[in-house]
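[1] no FASTA, just this:
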């Protein structure tokens, strides 16, 4: 009787528990990437450093390049593969296995932080890379599945996942700062840091199993199940294959928006953004904290705010969003012409933006538009197709998101070469 009532009447999301659950999973889906990229100095200045190992490591200089490829290639591949082949079976199986694998990998990472690896830096490096590959294979399935689940609910729940993803960067940066401040011992700081990731993933694990207990979530699950059974009866004797090309064609404008927002953002942040040096001596932030405040804190804070704004209003609409998304490409030359400096390279291109206030204000708008437009595009994508195909469209959107991140990161390898070789 309760299930019958749930199918007829839509209960409220009491205390926004379902919204908060998807917000937590949004934090969880980008936690592995943020944790490893923010721990760059733990690997390069400690575990692989000459002071620790007694020898020069060939992997220190290009560590971020190795980490990027190890993380993003399997993530992109498994995000797209999971659309067409449901790796791991049903939703519960995929979520359980992907989070469990991530937990195991972080346990291994904590153990590696605890033990002395100074006599075997090369095996340590490759074990770390293997862990990153395995972690992001699992994370690709996890991220794709979460966006597919959120697509079955009203649009703001997809926005919750995107908001959580943006909170993840801020959360990771704060955890890194706190663990470094609490102890001067790099070993203990790394242990506390990676244990925090374990805690977040375990919270994601628990909250997933709490979802079926919520009446609001059960209503949408039952409606989806009823619609699926009706479609099955109507389509008996006919092909029931998912029309991937039809869904792709219908959702392509919004997939472009998702891809291009993240491509532009990752082309700038953090590769160019973090390497912009102060130009004004009287700027309110000292040189020591300049990058931390104007880059990492500014971007993550305002991207998080931009994601939240979509819960208050949605403008522009799906038809015109692409115009504003495409205009964001102007951020690339703007930041490039700020005081962007590359360690070990001489800049030949003139610096045109010499005012730190102008740079910082534009940096605020870059973070704000990144969070806002990415959330809008992710929310609009499932609406471009019929309700029965919304989940698949949501998975396409998640794959476009990670592809935008990957290609944006790839483009950053061009900037040091351009800055030091192009003359005019």
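    Now that the structure is in, tell me what you want to look at. Please read all numbers here as calculations on a predicted model, not as lab measurements. Numbers count the residues shown, from 1 in each chain.

[2] residue 54 - how many residues pack around it?
    10 (other Cβ atoms under 10 Å). Where you see a C-beta, it was placed from the backbone N, CA and C, and this is true even at glycine.

[3] got the phi/psi numbers for the residue lying closest to it once chain neighbours are set aside?
    Excluding the flanking residues, the one nearest residue 54 by Cβ to Cβ, 6 or more residues apart in numbering is residue 118, at 7.0 Å. According to degrees, to the nearest 10, the main-chain angles of residue 118 amount to phi -60, psi -30.

[4] and for residue 276?
    Main-chain dihedrals, residue 276, degrees, to the nearest 10: phi -80, psi 130.

[5] shouldn't it be in contact with residue 359?
    Yes: here residue 276 lies in contact with residue 359, judged by Cβ atoms under 8 Å, at a distance of 6.6 Å.

[6] all strands of the protein, in order?
    Secondary structure of the chain (DSSP state E): no strands located.

[7] residue 305 contacts residue 369, doesn't it?
    No: counting by Cβ under 8 Å, residue 305 does not reach residue 369; the two are 10.9 Å apart.

[8] more neighbours, these two?
    residue 369 (21 against 16).

[9] below-threshold pLDDT in the stretch 251-400 of the chain: ranges please.
    343-344 (pLDDT under 70).

[10] show me where it has its helices.
    When assigned using DSSP state H, counting those that start in this stretch, the helices of the stretch 251-400 of the chain occupy the ranges 287-291, 298-309, 321-327, 331-336, 356-380, 390-411.

[11] return the most buried member of those.
    Burial of those is given as mean neighbour count (mean count of other Cβ atoms under 10 Å); helix 390-411 ranks first at a mean of 24.

[12] which secondary structure elements does that helix contact?
    helix 63-84, helix 121-150, helix 244-268, helix 356-380 (3 or more Cβ pairs under 8 Å, 6 or more residues apart in numbering; DSSP states H and E).

[13] now do the last one against helix 390-411, angle only.
    So the one you mean is helix 356-380. Here helix 356-380 points in a direction 150 degrees away from that of helix 390-411 (axes from the mean of the first three to the mean of the last three Cα atoms, to 10 degrees).

[14] who are the packing partners of helix 356-380?
    Partner elements for helix 356-380 (3+ Cβ pairs under 8 Å, 6+ apart): helix 155-182, helix 244-268, helix 298-309, helix 321-327, helix 331-336, helix 390-411.

[15] in JSON lines, list the ones you listed along with distance to residue 143.
    Formatted as JSON lines, those follow (distance: least, Cβ to Cβ, whole Å):
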{"stretch": "helix 155-182", "distance to residue 143": "9"}
{"stretch": "helix 244-268", "distance to residue 143": "13"}
{"stretch": "helix 298-309", "distance to residue 143": "16"}
{"stretch": "helix 321-327", "distance to residue 143": "21"}
{"stretch": "helix 331-336", "distance to residue 143": "25"}
{"stretch": "helix 390-411", "distance to residue 143": "6"}
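
[16] follow-up on the earlier one: can you redo the helices and strands packed on helix 390-411 as JSON lines with distance to residue 322?
    Formatted as JSON lines, the helices and strands packed on helix 390-411 follow (distance: least, Cβ to Cβ, whole Å):
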{"stretch": "helix 63-84", "distance to residue 322": "22"}
{"stretch": "helix 121-150", "distance to residue 322": "20"}
{"stretch": "helix 244-268", "distance to residue 322": "6"}
{"stretch": "helix 356-380", "distance to residue 322": "9"}
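
[17] before we move on, back to that, for the residue nearest to residue 54, what are its contacts?
    Applying Cβ atoms under 8 Å, 6 or more residues apart in numbering, we find residue 118 in contact with 52, 53, 54.

[18] separation between the last one and residue 48?
    Distance of residue 54 to residue 48, given as Cβ to Cβ, to the nearest Å: 12 Å.

[19] quick one, which of the helices of the stretch 251-400 of the chain gets closest to residue 257.
    helix 356-380 (3.7 Å; Cβ to Cβ).

[20] pLDDT at residue 7, what is it?
    As predicted, residue 7 sits at a pLDDT of 60.
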